[in-house]
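Undergrad: Please work out how this folds:
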Amino acid sequence: MHKPALVVIDVQQAMFEESDPVYQGESLLANIKQLLQQARANDVPVIYVQHNSPAGTPFEPGTHGWEIHPDLAPEENDVFIQKKTADSFCQTELLIDLNKLGISHLFLCGIQTEICVDTACRRAFGLGYKVTVVTDAHSTFDTEELSAAQIISHHNQIFKFFGETKRTDEISFASKVVR
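TA: The predicted structure is shown next:
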């Protein structure tokens, strides 16, 4: 039996800029919003991971681009983790907070698939957590070599080596303890 938490990674305003928005941003937000509603209705802790970068960059703390997207408005009891690298565990309070809450199963969603979501998945697995990556609730951007859709599809296959992969409609937080 595993006590779950929903981890929302880097779903910040800068990722949705009109000039270069994250792939399928509207459906991404809708799926994460559904996960948030379900988690909160079942008293599953919600952990927001927020990327911080130096002054003058899109994720400068306190700027509009740094803020969590308003469609996923945090609530008073949510946990916030501030990070400066792709690794949500590196030099952050994440491990401490997970231990305090007695969490053993992480449900991961957010941005960017091949960077921060991938790193969180691998690191959580390596630390002994049960991991579920929500396959339709993470996204990225096109690169010169691959489309965002290709990156997401590829990583959804890779994530299976580190835990479960499920779509939003397959996730149930109906019980605080997930088998």
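Undergrad: strand partners of the stretch of helix or strand residue 5 belongs to, parallel vs antiparallel please.
TA: Following DSSP states H and E, one finds residue 5 within strand 4-9. Looking at strand 4-9 with DSSP bridges, its partner strands are strand 46-51 (parallel), strand 105-111 (parallel).
Undergrad: Contacts for the shortest one, please.
TA: The one in question is strand 46-51. Residues outside strand 46-51 that contact it (C-beta atoms under 8 Å, 6 or more residues apart in numbering) are 5-12, 36, 39-40, 59, 66, 68, 74-75, 77-84, 88, 92, 94, 97-98, 110, 116, 120. (Each C-beta comes from the backbone N, C-alpha and C, glycine too.)
Undergrad: Apply 6 Å and report the result again.
TA: Identification of contacts with strand 46-51 by C-beta atoms under 6 Å, 6 or more residues apart in numbering yields 5-10, 39, 59, 68, 74, 78-83, 88.
Undergrad: Now that strand - C-alpha only, PDB.
TA: Once non-C-alpha atoms are left out, strand 46-51 reads as follows in PDB (Å, rounded to 0.1, in the frame of the first residue of the first chain):
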ATOM      1  CA  VAL A  46      -0.500  18.400  -3.900                       C
ATOM      2  CA  ILE A  47       3.100  19.500  -4.400                       C
ATOM      3  CA  TYR A  48       3.900  22.300  -6.800                       C
ATOM      4  CA  VAL A  49       7.500  22.400  -8.100                       C
ATOM      5  CA  GLN A  50       8.500  25.800  -9.300                       C
ATOM      6  CA  HIS A  51      11.600  26.600 -11.300                       C
END
